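**Student:** Next one to model:
(one chain, ligands or ions: 2)
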Amino acid sequence: MAMLHPVLPFLLLLLLPAGTAAAGRRTLVFILAGQSNMSGRGGATSGTWDGVVPPECAPSPRILRLSPSLRWEEAREPLHADIDVGNVLGVGPGMPFAHAVLASGKPPAAAATMGLVPCAQGGTPLANWTRGTELYDRMVMRARTAMASCKGSGDLAAMLWYQGETDAMSHDDAELYQGRMEALVRDVRRDLGRPDLLVIQVGIATAQYGGKFLGRVREAQKAVTLAVPNVKFVDAMGLPIASDYTHLTTEAQVQLGEMLAKSYLETL
Ligand SMILES: *[C@@H]1O[C@H](CO)[C@@H](O)[C@H](O)[C@H]1NC(C)=O
Ligand SMILES: *[C@@H]1O[C@H](CO)[C@@H](O)[C@H](O)[C@H]1NC(C)=O
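**Tutor:** Ligands and ions are numbered 1, 2, ... in the order given. Predicted coordinates for the structure are as follows:
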């Protein structure tokens, strides 16, 4: 091939996602997946969302989300709007996570644009996330699209995973949790071409509907962390739970976002 057409570089520049082109920043892409507590129910446990957005969750031009229609847009709560369908959504850990990474001052992350790819769906057991399921395929498709639309300026940074409360209701699901989670990590890494992709799991604190197998799922989560390289564990045990006894409060989600950021920043 001879020379590029003179307007081509200009056109390519126009196609860059908002927030990256102007500043020439890299975009760190994070997959957010799992069930309701990842999606976020902070302030939304009485049938409607109270609309309270603490400063740690406020919109920022440096924090983008991949929309349901696969475009980068400025992220705002509820981050999983039109992704986690059929549920009343509130504050989750994604926004406070992104703010805490930017506020850390730790290069190169603190100088990047945060590209959040929300994929969580409330009430889903791990069996709903095995390779070939709707949720798995949507997640991989969204992550690939996110990377492609960074036009070479994106780095797939991590998958943040908060799930298992539903599995803690069933003896069989709890027993199968470790093997299924290891398979999920392996499949996501292979399908995204990143054999070393960082995965940060949140250790669940209670089971859905008082499920009896909480301890078993937590053991499985810890075992995955020991068995598979580059899988981390951040414990939600002890965080404040909302009055529905089922979801994290907004305050707890802010704390969790900061804990996830700390865990991620330790890997840099
Ligand atoms: C989860 O799996 C069940 C059983 O296969 C299925 O009926 C349900 O639609 C799935 N839910 C989602 C959200 O994929
Ligand atoms: C959400 O997280 C809280 C705290 O870990 C837990 O009590 C609850 O079971 C979770 N709820 C669901 C539906 O996953």
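**Student:** Lowest-scoring secondary structure element of this protein by mean pLDDT?
**Tutor:** When the helices and strands of the chain are compared on mean pLDDT, DSSP states H and E, helix 8-15 comes out lowest with a mean of 46.
**Student:** just the strands in the stretch 51-200 of the chain please.
**Tutor:** For the stretch 51-200 of the chain, the strands defined by DSSP state E, counting those that start in this stretch cover 63-66, 72-74, 113-118, 154-162, 198-203.
**Student:** how much space between whatever residue of the stretch 51-200 of the chain ends up closest to ligand 2 and ligand 1?
**Tutor:** Using Cβ to the nearest ligand atom, the single residue of the stretch 51-200 of the chain nearest to ligand 2 is residue 165, 3.1 Å away. Any C-beta I mention is one placed from the backbone N, CA and C, and that applies to glycine too. Shown here: residue 165 relative to ligand 1, a distance of 15 Å by Cβ to the nearest ligand atom, to the nearest Å.
**Student:** Quick check: that residue touching residue 211?
**Tutor:** Yes - between residue 165 and residue 211 there is a contact under Cβ atoms under 8 Å: 7.3 Å.
**Student:** With neighbour numbers in mind, choose between the two.
**Tutor:** It is residue 165, of residue 165 and residue 211, that has more neighbours when counted by other Cβ atoms under 10 Å, with 27 against 21.
**Student:** so residue 167 sits right up against residue 179, yeah?
**Tutor:** No - shown here, residue 167 and residue 179 do not form a contact pair, counting by Cβ under 8 Å, at 11.9 Å.
**Student:** Tell me which of these two has more neighbours.
**Tutor:** The neighbour comparison of residue 167 against residue 179 (other Cβ under 10 Å) goes to residue 167, with 29 against 13.
**Student:** measure the more buried one to ligand 1 for me?
**Tutor:** Shown here: residue 167 relative to ligand 1, a distance of 12 Å by Cβ to the nearest ligand atom.
**Student:** How about the contacts made by the residue nearest to that residue when sequence neighbours are not counted?
**Tutor:** Of all residues not flanking residue 167 in the chain, residue 173 sits nearest, at 4.0 Å (Cβ to Cβ, 6 or more residues apart in numbering). By Cβ atoms under 8 Å, 6 or more residues apart in numbering, residue 173 lies in contact with 125-127, 166-167, 213.
**Student:** What parts of the chain come near ligand 1?
**Tutor:** When proximity is defined as Cβ under 6 Å from any ligand atom, the chain approaches ligand 1 at 121, 124, 128, 134-135.
**Student:** now for those, which pair is the farthest apart?
**Tutor:** Spatial extent of these (Cβ to Cβ) is set by the pair 124 and 134 at 10.0 Å.
**Student:** tell me the contacts of the residue in the stretch 1-150 of the chain positioned nearest to ligand 1?
**Tutor:** Here the stretch 1-150 of the chain gets closest to ligand 1 at one residue, residue 128, 3.7 Å apart by Cβ to the nearest ligand atom. Contacts for residue 128 were tallied using Cβ under 8 Å, 6+ apart; they are 121, 134-135.
**Student:** ok, now how distant is residue 213 from residue 184?
**Tutor:** 18 Å (Cβ to Cβ, to the nearest Å).
**Student:** same question, residue 48
**Tutor:** 33 Å.
**Student:** okay, these two: which has more neighbours?
**Tutor:** Just comparing residue 48 and residue 184: by other Cβ under 10 Å the higher neighbour count belongs to residue 184, 22 against 10.
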